[in-house]
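Visitor: build me a structure from this.
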Amino acid sequence: MSTLNVDFERIFHPKRIAIVGVSTQDWGFGRGIMDSLISIGFEGEIYPVNPKGGEIYGRKIYPRVEDIPEDIDFAIIAVTAPLVPASLDACRRKGAAGAEILSAGFRELGTKEGIALEEAIKAEAKKGIRVIGPNCFGIYCPKSGLTLLPGPDLSRKTGPVAFLSQSGGMAIDLAFMGMWMGFSFSKVVSFGNGADLREVDFLEYLAHDEETGIIALYIEGVEDGKRFIQAVKKTAAKKPVIIYKGGLSESGKRAVASHTASMGGQKEIWEALIKQAGAVQVHSFRELCHTIQAFAMLPPRVYKGMTVLGGGGALGVSACDAAEENGLTFPPLSGAIYENILFSLPKPGSSAANPIDVANPFVPPQTLGFVMQEAAKDERIDIQVQITLFYHFKQMVTRFKMGALKDIVPVDQYVEAAFEAKEKTGKPIVIVLPNCRQELTDLDVEEVIRRAKEGFHQRGIPVFHDLTEAMKAIRNVSLYYERKNRLLTDPSLS
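Guide: Numbering: from 1, shown residues only. Sure thing, here's the model as predicted:
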């Protein structure tokens, strides 16, 4: 069915929701999603449904959907699989534009009964109620207060990132990751088996959604490959599309089949099609998160020349290796820029060449800020990476008894120095905060790093724990805008 028949406004921003399958006796999916909606602060009306009736949280439980006193916009269905088709029909008759089915027990089982039940869901959808799922965690929309199962404490802060996922677990995980990685969401959809609405339907909608600026997908298989690639191509011409394709290995294909009954596909074909469509392909959940963060925080442009500054020659060597692998370069600094940087660094052991070795991890934040402002004067520098080894400050606590670590490390000064350099030069800065001390006795180190990360994120500066991960994320941003620029200058390439 066409997405023209989908009332996405009532699906993502419902005013009245029926939850079919709410129990007062135990937790269950219906009770769980109701708890989550109340906790996150959904402002609309919630109508719980259970044949036994009763009351929950001061709300009447309706024995049947038909007993709800008003028409509904959206339904959440959490009953056993055989009861789902009839529940869908009742919700459609009650005016629902769409429903998410949390229940499992359909095509993913590979049984005749499960397949038949999923076909029944498709038949109900054709009558006019559009379906997300089954076997999914549903929708997270911060603006309306819809949340995933289980997502009672997700953020209500809206942002530019949309995520479409066949995996419910990955959907909820990414929603939590965004809360501490500095990016927020417009919409997250866990669509599970995708009996009706699938990744391509939501992708076509998000291409025109003004609240969405970046679209990420986790997919295991698609039903209409041609339509999907065309949708990716059209969308990627407007906004970044990041794709994590599961099931490309032989064992992965088998796992996919038992997860959402999708076909994994051949690795080489998928990679070629994603590249041809202008999307960015990532190969792990971590790379997905880091790439989203980079797109959300870095200015939209191609990055080539960079500086890396940090303490230790080996860091510089590894930076060069990582940069070369990811199509980035280190223009050598010279002349007045080189001299000014060298003069500001501690002696001995420092180097003003690029990468810039600051010799020790205790260089004052103001010095680091000055170095970045000077290096940015080189027109070949597009972006700067600062590696800060906060964990080395722990020795001041253990050896010199200088007090609590959080009181020793001037986190706010590091944040302000980087932010000032970014603002004055107009060139973005990326922070890398490794942590080689992770014993139970080093929880204070983790506290300092998390405080620093939060401060940098509030200033719009992305933070990574690993230099190579930072380089990959920068590369992914560059690849997208490089191709987009080529298409703008030569449309025949599209």
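
Visitor: surely residue 480 and residue 240 touch.
Guide: Yes. Using Cβ atoms under 8 Å, residue 480 makes contact with residue 240 at a distance of 5.3 Å. C-betas here are computed from N, CA, C, even on glycine.

Visitor: and residue 39, which of the three is it?
Guide: Three-state assignment for residue 39 (DSSP: H, G, I helix; E, B strand; the rest coil): helix.

Visitor: can you give me the strands for the stretch 51-200 of the chain?
Guide: 55-56, 59-60, 74-77, 98-101, 130-132, 138-140, 158-165, 185-190 (DSSP state E, counting those that start in this stretch).

Visitor: would JSON lines of those with mean neighbour count, mean pLDDT and distance to residue 340 be doable?
Guide: Shown next, in JSON lines, are the strands of the stretch 51-200 of the chain (neighbours: other Cβ atoms under 10 Å; pLDDT from 0 to 100; distance: least, Cβ to Cβ, whole Å):
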{"stretch": "strand 55-56", "mean neighbour count": "14", "mean pLDDT": "95", "distance to residue 340": "68"}
{"stretch": "strand 59-60", "mean neighbour count": "14", "mean pLDDT": "96", "distance to residue 340": "68"}
{"stretch": "strand 74-77", "mean neighbour count": "30", "mean pLDDT": "98", "distance to residue 340": "61"}
{"stretch": "strand 98-101", "mean neighbour count": "28", "mean pLDDT": "98", "distance to residue 340": "59"}
{"stretch": "strand 130-132", "mean neighbour count": "25", "mean pLDDT": "98", "distance to residue 340": "58"}
{"stretch": "strand 138-140", "mean neighbour count": "28", "mean pLDDT": "98", "distance to residue 340": "49"}
{"stretch": "strand 158-165", "mean neighbour count": "22", "mean pLDDT": "98", "distance to residue 340": "38"}
{"stretch": "strand 185-190", "mean neighbour count": "27", "mean pLDDT": "98", "distance to residue 340": "43"}
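
Visitor: and the ones you listed: which comes nearest residue 276?
Guide: strand 158-165 (20.0 Å; Cβ to Cβ).

Visitor: contacts for the closest one, please.
Guide: Applying Cβ atoms under 8 Å, 6 or more residues apart in numbering, the contact partners of strand 158-165 are 142-143, 171, 174-175, 178, 183-191, 199, 202-203, 206, 209, 211-219, 292, 296.

Visitor: just to revisit the earlier point, so which of the strands of the stretch 51-200 of the chain comes closest to residue 107?
Guide: Closest to residue 107 of the strands of the stretch 51-200 of the chain is strand 98-101 (Cβ to Cβ; 12.1 Å).

Visitor: who does that closest one pair up with?
Guide: Strand 98-101 pairs in its sheet with strand 74-77 (parallel), strand 130-132 (parallel), by DSSP bridges.

Visitor: so how far is the last one from its chain's centroid?
Guide: Okay, so that is strand 130-132. Chain-centre distance of strand 130-132: 23 Å, with Cα atoms, centre = their mean, to the nearest Å.

Visitor: stretch 417-429 now?
Guide: For stretch 417-429, the distance to the chain centre is 25 Å (Cα atoms, centre = their mean).

Visitor: about what we covered before: and for residue 480 and residue 240, which residues touch both?
Guide: Common neighbours of residue 480 and residue 240 (Cβ under 8 Å, 6+ apart) are 280, 295.

Visitor: more neighbours, those two?
Guide: Counted by other Cβ atoms under 10 Å, residue 480 and residue 240 do not tie: residue 240 has more neighbours, with 26 against 22.

Visitor: next, count neighbours for residue 125.
Guide: 20.

Visitor: identify the residue nearest it in space, chain neighbours excluded?
Guide: residue 196 (4.0 Å; Cβ to Cβ, 6 or more residues apart in numbering).

Visitor: how much space separates the one you found from residue 246?
Guide: Counting by Cβ to Cβ, to the nearest Å, the separation of residue 196 from residue 246 is 21 Å.

Visitor: can you give me the strands in the stretch 251-400 of the chain?
Guide: Under DSSP E, counting those that start in this stretch, the stretch 251-400 of the chain gives strands at 280-282, 306-310, 356-357, 383-387.
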